[in-house]
Structures are given as structure tokens and as C-alpha cells.
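Asker: Have a look at this prediction, sequence included:
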Amino acid sequence: MGRRNAGFRKNASFHGKANPNQQNGQNEKTRKPYNDIIRENEKFVKYYEKQGVCKPEEFNSFIASHKTDLPATFRITGSKTVAKKMLEIVQDH
């Protein structure tokens, strides 16, 4: 048996539709910058204070370290060969 609906195009319903962000050939900027992250949480501080995860004199630096930004990361996906090659490139630079 042949493939059902052989002439059917999956994305035919999207063909020819204009981008809703574009009007009269102009692209309106609708993206906005992220809001700053609020890094104050009284319940978080109280929880870790009660847990006793560090000495009381080190607690302020412990909380301050949680307020810092994490380093940026990315993921390499693909075949094992591609991933190894990408890893080599990243390590060389």
C-alpha cells in the first residue's frame, strides 16, 4: 500500500501567512529586556540559618555566594563524533 495522503503537505496551513509582528514590511520590536532578578528571600535565609550548614560567622558570605550569577553554559548535542569534535574546538579556544 502507498503512503496515505501522499500529496499532503504538513505545513500547508502555515504557508503564506504573514508574521504577526510584521506590518507593511516593517518588523516592530516587541522584545523587552529581562527584569533584574530579585535575590532577596527572607524564608530562604531563615531556612538555611536554621539548618546550620555553616558557622554563624561565615553565614553572610554563604548567603552572598548564593546571590552571585552562575556561569553561562551550553549543551552540545548530536552524534558522538560531532560532540567530540565540538569539545576539541571548545577546549582549544
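Answerer: Nice, thanks for sending it over. Numbering: from 1, shown residues only.

Asker: ranges for the strands of this structure?
Answerer: Here the chain has its strands, by DSSP state E, at 22-23, 26-27.

Asker: In the protein, where is pLDDT below threshold?
Answerer: Low-confidence segments of the chain (pLDDT under 70): 1-28.

Asker: Now with 90, please.
Answerer: Within the chain, the stretches with pLDDT under 90 are 1-38, 69-93.

Asker: helices or strands up against the longest helix belonging to it?
Answerer: Criterion DSSP state H: the longest helix present in the chain is helix 80-92. Of the remaining helices and strands, none touches helix 80-92 by 3 or more C-beta pairs under 8 Å, 6 or more residues apart in numbering; DSSP states H and E. In short, each C-beta sits where N, CA and C put it, glycine included.

Asker: What lies in contact with it?
Answerer: Helix 80-92 is contacted from outside by 76-78, using C-beta atoms under 8 Å, 6 or more residues apart in numbering.

Asker: give me that answer again for 10 Å
Answerer: Applying C-beta atoms under 10 Å, 6 or more residues apart in numbering, the contact partners of helix 80-92 are 74-79.

Asker: ok, and the most crowded of these?
Answerer: Neighbour counts for these, by other C-beta atoms under 10 Å, peak at residue 76, which reaches 12 neighbours.

Asker: Look up the closest residue to that one, ignoring the ones flanking it.
Answerer: The spatially closest residue to residue 76, leaving aside those adjacent along the chain, is residue 86, at 4.6 Å (C-beta to C-beta, 6 or more residues apart in numbering).

Asker: And for residue 54?
Answerer: Nearest to residue 54 is residue 62, by C-beta to C-beta, 6+ apart, at 4.9 Å.
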